[in-house]
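Colleague: Just a sequence and a predicted model for now, questions to come.
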Amino acid sequence: LKYPNYKYIYIIADSPTRSYNAYSSRCSIILNKFANYLINYLPNSIIIIKRGGDLFLDYYRLINSNITICSASSFCLWPMLANNQIVYYPSTPLVPIDQLKIKKTNGILN
């Protein structure tokens, strides 16, 4: 990350009770390891994991954040399009960003 001076970093994810497959338990492990990495890398930031919170509040946070890093999900697609700051969204067969001709002036998508 090139932006070490942010006070709050939110990690927004599904509720731990939403998925019921063999790999669901790995989400908590991955989120905690990611949060610990950020805590070590950005010691002046407060890292907050939000799982299964209010949908509209999650959208608000994603739309208004200075930097949004999304997974390839339709949940993050719409707030990513509304965000006017820096956005990282992977191009995948699910959402082929590179083929949608999306242009953003202040972000990674151009």
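Modeller: Right, received. Where do you want to start? Computed from a predicted model, the values in this text were never measured in an experiment.
Colleague: Asn83: neighbouring residues, count only.
Modeller: Using other Cβ atoms under 10 Å, Asn83 has 23 other residues around it. All C-beta spots, glycine's among them, are computed from the backbone N, C-alpha and C.
Colleague: And Ala13, by the same measure?
Modeller: Here the number of neighbours of Ala13 (other Cβ under 10 Å) works out to 20.
Colleague: Look at it and report its pLDDT.
Modeller: Here the pLDDT value assigned to Ala13 is 84.
Colleague: List the residues that contact the residue nearest to it when sequence neighbours are not counted.
Modeller: Closest residue to Ala13 in three dimensions, ignoring its sequence neighbours and counting by Cβ to Cβ, 6 or more residues apart in numbering: Arg51, at 5.1 Å. Applying Cβ atoms under 8 Å, 6 or more residues apart in numbering, we find Arg51 in contact with 13-16, 31.
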